[in-house]
Structures are given as C-alpha cells and as structure tokens.
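Compute the structure for the input listed below.
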Amino acid sequence: MGILSGDLSGSLLITGATQVLTLRGRGPRRGAALSNLGIVKDGAVLVRDGRIAAVGVRSKVEALPEAHDAEKLDVGWRGVLAGFVR
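Sure, this is the predicted structure:
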C-alpha cells in the first residue's frame with residue numbers, strides 16, 4: 001500500500017521543498033542559538049519505515065540508492081519541517 005496510504009513500511013522521498021527546517025542540534029535552544037534553525041534550501045527528506053533516514057539538499061538525497069525506489073511526494077515548493085514525535 002505505501003506510506004501515503006497510511007502504511008509506514010517502505011520508503012518515502014519528500015521533494016520540492018523550498019526549505020527544510022531541521023532544527024538539527026542538541027537540546028533546547030537559548031539566546032543566540034535560537035537564530036540557528038538548520039534551514040536547508042531546495043531540500044528533501046527520505047523516510048524509511050516511518051523514520052527519517054536522510055535530510056539534506058535535494059540533489060544529494062535523491063542520489064541515495066534507496067531514494068530511487070521510494071514512493072515520491074512533491075510538496076510543490078513549500079516549506080517542510082523534518083522532526084520526530086514521541
């Protein structure tokens with residue numbers, strides 16, 4: 001069935017993002033660290049079995065071997081927030 005139909009097995013490649021906001025780093029941000037949001041321009045996200053496997057510039061993420069067989073989702077030049085929920 002695939003990720004887009006609610007099944008979290010397999011791979012999903014999210015592309016077409018004007019910016020991917022990663023918030024990459026350790027712990028909560030305070031002071032000057034609040035301005036470092038980890039923005040990747042022209043980014044992509046590769047999700048494997050419901051978990052983020054790769055985040056980065058679109059050309060590099062699309063070049064990963066697993067990305068070739070992944071289900072594709074083009075977000076139409078919108079922003080994407082790559083994160084996790086526990």
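
what distance separates the start and the end of stretch 21-41?
9 Å (C-alpha to C-alpha, to the nearest Å).

Okay, now the unreliable bits of this structure?
Under the criterion pLDDT under 70, the flagged ranges of the chain are 1-6, 84-86.

if you set the cut-off to 80 instead, what comes out?
1-8, 23-29, 82-86 (pLDDT under 80).

just the strands in it please.
11-21, 39-48, 51-57, 71-81 (DSSP state E).

Now that we have these, can you turn them into a markdown table and tack on distance to Pro65 and mean neighbour count?
Any C-beta I mention is one placed from the backbone N, CA and C, and that applies to glycine too. Shown next, in a markdown table, are those (distance: least, C-beta to C-beta, whole Å; neighbours: other C-beta atoms under 10 Å):
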| stretch | distance to Pro65 | mean neighbour count |
| --- | --- | --- |
| strand 11-21 | 10 | 20 |
| strand 39-48 | 11 | 19 |
| strand 51-57 | 11 | 16 |
| strand 71-81 | 15 | 13 |
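
Distance to Gly31 added to those strands, as JSON lines?
Below are the strands of the chain laid out as JSON lines (distance: least, C-beta to C-beta, whole Å):
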{"stretch": "strand 11-21", "distance to Gly31": "19"}
{"stretch": "strand 39-48", "distance to Gly31": "19"}
{"stretch": "strand 51-57", "distance to Gly31": "25"}
{"stretch": "strand 71-81", "distance to Gly31": "22"}
